[in-house]
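A.B. asks: Dropping a prediction and its sequence here:
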Amino acid sequence: MKSIPANPTGDVRRLSLAVREHVHWALANCDAILIAVSGGADSTALAAVVIDHCLRTGSTPYTLSVDHGIRPGSDREAQETCEVMASLGAQSSWVSVTVDAPGGPEASARLARRSALAAHAQTLGERVAVFLGHTMDDQAETVLLRLARGSGVGSLRAMSVRDDAGSIVWMRPLMNCRRSETLGACRQLELPWVDDPSNKMDGPWRAADGSALRRSAVREQAIPSLANSLGMDPVPSLARTAELSAADDEALDEWAEQVWRRAWEASAGEMRSGSEVPAGERRPRSEAPAAGVASGIGVLRVAELKEIPQAVRRRVLHRYLGAVGAPSLVHLEEADALITRWSGQGPLSIPKGTLTRAGKGKDARLILQPLRQERERPRH
């Protein structure tokens, strides 16, 4: 293995420049840096350049390699990856997890891996930056998968460079770098990496219907087929779609938040129950719950929702109905009709509740009633 010089060249330079500002931000705003290292080329190259930046500033980063235990020898690979990270100057660890969560194997493994990283991060400080090795190629695959599911901009924004979850900040500094560059950096630094057969179409993991894993199929067949059909590399364009969708999604969220604050009000029952709360702790009638707070549940004023674009209105409705359950597109369409195509239709059944329109004209309100859970009868 070769050390990284002060002025690297080639792919190492490209990756080093990509992570530099993110490392400096994390060192200034977090208690520690933890790098998720699977042993593949992406995470190995990421770890090499992040460790280099940290050591040059007098800080020692941490790495964690997660063994999913899905094939023979995976524990040995995790241990060897841990040893490589230690040789680069990191405080390295590895852990084995059990992949048994509901859902497909990819989702289960991702959940187990993320849980292990979060648990380890909690031992390192109150606020920890966790660096992940996702590249532009991963972003393009995610966008294509979500396009196939008929997603909107909220989903097409795919992965963010930085997801701040408070005590943990998930960081993806290689989102503008290609998989070919991480491979090139590993070769340039003579770093060993693992080609995990679990990520292959013909690997040991299969989808529920027995076919190849969706992401593996997109990587090995769909992306190359698009490139061949279009006569161009589709990855940068797909990643650009995620970037544009993220900007649109944030703008729509801000607009929906403004509408929410105008449309939401406490219900009469909640206002009455507020009389039992100390005056200094009561929420004024006109003050809606902040973003992310599932109201109390309150009501929505129809007049504030009628003349706004559907995309904004449905975000407000999704937030309102989400106080009791997870509404589907059908539920949102029916709720939207109570506002825009009102003809006296009756209460709507939604997950864990009912939605009713009451009142006329400017006094019209949408009222969400959660289903009452029957008390469990004692067994004799």
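C.D. replies: Thanks, I have it. Residues are numbered from 1 along each chain as shown.
A.B. asks: Report the helix or strand with the lowest average pLDDT across this protein.
C.D. replies: The least trusted helix or strand in the chain, going by mean pLDDT, DSSP states H and E, turns out to be helix 268-273, with a mean of 50.
A.B. asks: Sheet partners, orientation included, of the next helix or strand after it?
C.D. replies: Using DSSP states H and E, the helix or strand that follows helix 268-273 in sequence is strand 299-301. Using DSSP bridges, the strands paired with strand 299-301 are strand 264-265 (antiparallel), strand 365-370 (antiparallel).
A.B. asks: Could you dump those strands into CSV with mean pLDDT added?
C.D. replies: Below are these laid out as CSV (pLDDT from 0 to 100):
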stretch, mean pLDDT
strand 264-265, 94
strand 365-370, 94
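A.B. asks: I'd like those written out as a markdown table, with mean neighbour count and distance to residue 125 added.
C.D. replies: Bear in mind the C-beta positions are built from the backbone N, C-alpha and C, glycine included. As requested, the strands paired with strand 299-301 are exported to a markdown table (neighbours: other Cβ atoms under 10 Å; distance: least, Cβ to Cβ, whole Å):
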| stretch | mean neighbour count | distance to residue 125 |
| --- | --- | --- |
| strand 264-265 | 21 | 37 |
| strand 365-370 | 18 | 39 |
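A.B. asks: Now distance to residue 121 too, for those strands, in TSV please.
C.D. replies: Putting the strands paired with strand 299-301 into TSV (distance: least, Cβ to Cβ, whole Å) gives the following:
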stretch	distance to residue 121
strand 264-265	35
strand 365-370	35
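A.B. asks: so which of those strands comes closest to residue 212?
C.D. replies: Taking Cβ to Cβ, strand 365-370 is the member of these nearest to residue 212, at 42.0 Å.
A.B. asks: Just say helix, strand or coil for the residue sitting nearest the centre point of the chain.
C.D. replies: By Cα atoms, centre = their mean, the chain has its centre lying nearest to residue 159, at 6.1 Å. Secondary structure, DSSP: H, G, I helix; E, B strand; the rest coil: residue 159 is coil.
A.B. asks: which residues touch it?
C.D. replies: With contact set as Cβ atoms under 8 Å, 6 or more residues apart in numbering, residue 159 has these partners: 134, 138-139, 142, 172, 175, 242.
A.B. asks: mean confidence score for the top helix by length along the chain?
C.D. replies: Assignment by DSSP state H gives helix 235-263 as the longest helix of the chain. When pLDDT is averaged along helix 235-263, the result is 95.
A.B. asks: At which residues are the helices of the stretch 51-200 of the chain located?
C.D. replies: 74-88, 105-122, 136-148, 153-156, 179-189 (DSSP state H, counting those that start in this stretch).
A.B. asks: Tell me the gap between the first one and the middle of its chain.
C.D. replies: I take that to be helix 74-88. 27 Å (Cα atoms, centre = their mean, to the nearest Å).
A.B. asks: Keeping just the C-alphas, turn it into CSV.
C.D. replies: Provided in CSV are the C-alpha atoms of helix 74-88 (Å, rounded to 0.1, in the frame of the first residue of the first chain):
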residue,chain,number,x,y,z
SER,A,74,-17.4,-12.9,5.1
ASP,A,75,-16.3,-12.6,8.8
ARG,A,76,-12.7,-13.1,7.7
GLU,A,77,-13.1,-10.4,5.0
ALA,A,78,-14.4,-7.9,7.6
GLN,A,79,-11.5,-8.6,9.9
GLU,A,80,-9.0,-8.2,7.1
THR,A,81,-10.7,-4.9,6.0
CYS,A,82,-10.4,-3.8,9.6
GLU,A,83,-6.7,-4.5,9.6
VAL,A,84,-6.2,-2.5,6.4
MET,A,85,-8.0,0.5,7.9
ALA,A,86,-5.8,0.3,11.0
SER,A,87,-2.7,0.3,8.8
LEU,A,88,-3.9,3.5,7.3
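A.B. asks: wait, what's in contact with the closest residue to residue 253 other than its chain neighbours?
C.D. replies: Among residues not flanking residue 253 along the chain, residue 315 sits closest, at 6.9 Å (Cβ to Cβ, 6 or more residues apart in numbering). Shown in contact with residue 315 (Cβ under 8 Å, 6+ apart): 252-253, 256.
A.B. asks: Could you tell me the backbone phi and psi angles at the spatially closest residue to residue 1 that is not a sequence neighbour?
C.D. replies: Nearest non-adjacent residue to residue 1, counting by Cβ to Cβ, 6+ apart: residue 190, 5.3 Å away. Here is the backbone geometry of residue 190 (degrees, to the nearest 10): phi 60, psi 40.
A.B. asks: Verify the stated contact: residue 190 with residue 2.
C.D. replies: Yes: if you go by Cβ atoms under 8 Å, residue 190 and residue 2 touch, sitting 5.4 Å apart.
A.B. asks: follow-up on the earlier one: any idea whether the residue nearest to residue 253 is helix, strand or coil?
C.D. replies: For residue 315, the secondary structure call by three-state DSSP comes out as helix.
A.B. asks: Output the below-cut-off pLDDT ranges for the stretch 101-250 of the chain.
C.D. replies: 101-103, 204, 208 (pLDDT under 70).
A.B. asks: make it 90
C.D. replies: For the stretch 101-250 of the chain, residues meeting the criterion pLDDT under 90 lie at 101-110, 148-152, 154-155, 157-158, 195-216.
A.B. asks: Okay, and the beta partners of residue 365?
C.D. replies: Counting by DSSP bridges, residue 365 forms beta bridges with residue 301, residue 358.
A.B. asks: For residue 370, see how far away residue 140 is.
C.D. replies: For residue 140, the distance to residue 370 (Cβ to Cβ, to the nearest Å) stands at 41 Å.
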